[in-house]
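Undergrad: here you go, sequence then predicted model.
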Amino acid sequence: MSTRWFRAETPECALWHLAQGATAVAGGTALLSAAFSPTIGSRAVALAWPDDPATIGEVTARRTLAALADDPGAPAALSIAAQSAGNPATRRRATLGGWIALRAYATDVVAPLLALRANVELITGAGRHTMAYDTYLRDSPSTVHLVAGVTFPERPLWSQYSRHALRATPGPLGVGVAAATFADATEIAVSGVGIPAVQLRFPRDLTLGEARDALRSRLSPDDHRAASRQLERIFREL
């Protein structure tokens with residue numbers, strides 16, 4: 001199958017193409033357009049309008065994973081996840097918004113965004129609106145939309161991320177665990193291959209044993225063992 005490419009200079013132009021059945025493509029996916037043609041389909045629209053310059057610590061949908069990985073102001077869990085994702089070529093091109101829009105549990109950004117209580121800003125034909133990332137992940141809007149932004153209602157006091165790869169690092173994500181401590185609670189999130197994203201809230205003075213016990217009933221024995229090892233690494237950073 002061959003793919004016909006269109007270039008969108010504005011979000012409104014991209015939405016029009018999407019309404020005609022095109023697939024939005026940005027960043028790393030464009031590098032593999034020929035291989036992905038059966039998935040992309042016969043029409044693809046490249047998101048080509050310029051992004052607003054991002055300041056240190058600003059997390060936008062159009063920022064590449066490489067930029068997030070190198071940003072000392074970004075939440076630590078998300079920055080570490082961005083550094084772990086894919087390979088250097090993909091990280092230089094792939095955008096955070098594109099990975100969010102995939103809604104794939106086996107991507108490194110899922111657990112950090114859940115633990116960090118992220119919101120996503122969407123552009124639809126009716127305008128812009130915001131929804132919680134956990135809602136978007138599990139029940140994405142059926143209307144044509146673009147992921148335009150990412151916000152964090154409250155910055156964590158501390159956050160961390162650790163991953164178990166399916167094969168030697170930097171292999172594909174097997175199990176990813178993120179933790180974030182806020183003024184009122186500690187959030188733990190787990191995602192990975194075959195794991196429908198687990199998100200749990202605990203008191204701030206959470207112990208490693210309590211976290212392990214709470215996850216035991218939510219994960220398979222193999223996934224629980226892998227998640228426990230990542231929890232140990234995270235708790236060593238506390």
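TA: That came in fine, so what should we check first?

Undergrad: Leu137 is in what secondary structure piece?
TA: helix 133-138 (DSSP states H and E).

Undergrad: now that helix - C-alpha only, CSV.
TA: The C-alpha trace of helix 133-138 is given here as CSV (Å, rounded to 0.1, in the frame of the first residue of the first chain):
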residue,chain,number,x,y,z
TYR,A,133,-4.5,11.5,31.2
ASP,A,134,-5.8,8.4,32.9
THR,A,135,-9.3,9.0,31.3
TYR,A,136,-7.8,9.7,27.9
LEU,A,137,-5.7,6.5,28.1
ARG,A,138,-8.6,4.2,28.9
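
Undergrad: give me the contacts around the helix or strand that that helix is followed by.
TA: Once the chain leaves helix 133-138, the next helix or strand it forms, by DSSP H and E, is strand 145-151. With contacts defined as C-beta atoms under 8 Å, 6 or more residues apart in numbering, strand 145-151 is touched by 11, 14-15, 18, 24, 47, 59-61, 96-98, 100-101, 113, 118-124, 128, 130, 133. C-beta coordinates here come from the backbone N, C-alpha and C atoms, glycine included.

Undergrad: now, of those residues, which are buried?
TA: Among those, those classed as buried by neighbour count (16 or more other C-beta atoms under 10 Å) are 11, 14-15, 18, 24, 47, 59-61, 96-98, 100-101, 113, 118-123, 133.

Undergrad: which of these fall within helices?
TA: Pro11, Ala14, Leu15, Leu18, Leu96, Gly97, Gly98, Ile100, Ala101, Leu113, Tyr133 (DSSP state H).

Undergrad: was I right about the first one contacting Ile123?
TA: Put plainly, it is Pro11. Yes - using C-beta atoms under 8 Å, Pro11 is in contact with Ile123, at 5.0 Å.

Undergrad: sorry, back to before: so for the helix holding Leu137, what's the average pLDDT?
TA: Mean per-residue pLDDT for helix 133-138: 91.

Undergrad: where does pLDDT dip in this structure?
TA: The model of the chain has pLDDT under 70 over residues 1-2, 24-58, 166-172.

Undergrad: hey, where'd the strands end up in it?
TA: 4-8, 23-25, 43-47, 119-124, 127-132, 145-151, 158-165, 173-181, 186-192, 195-202 (DSSP state E).

Undergrad: dump these into TSV; add distance to Arg212 as well.
TA: TSV is the format used below for those (distance: least, C-beta to C-beta, whole Å):
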stretch	distance to Arg212
strand 4-8	47
strand 23-25	40
strand 43-47	41
strand 119-124	29
strand 127-132	26
strand 145-151	30
strand 158-165	14
strand 173-181	11
strand 186-192	10
strand 195-202	11
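
Undergrad: for Ala67, find the nearest of those strands.
TA: With C-beta to C-beta as the criterion, Ala67 lies closest to strand 145-151 of the strands of the chain, at 13.0 Å.

Undergrad: and that closest one, which residues are buried?
TA: Result for strand 145-151 [16+ other C-beta under 10 Å]: buried residues His145, Leu146, Val147, Ala148, Gly149, Val150.

Undergrad: now the residues you listed in CSV, with distance to Val175?
TA: As requested, those are exported to CSV (distance: C-beta to C-beta, whole Å):
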residue, distance to Val175
His145, 29
Leu146, 30
Val147, 25
Ala148, 30
Gly149, 28
Val150, 23
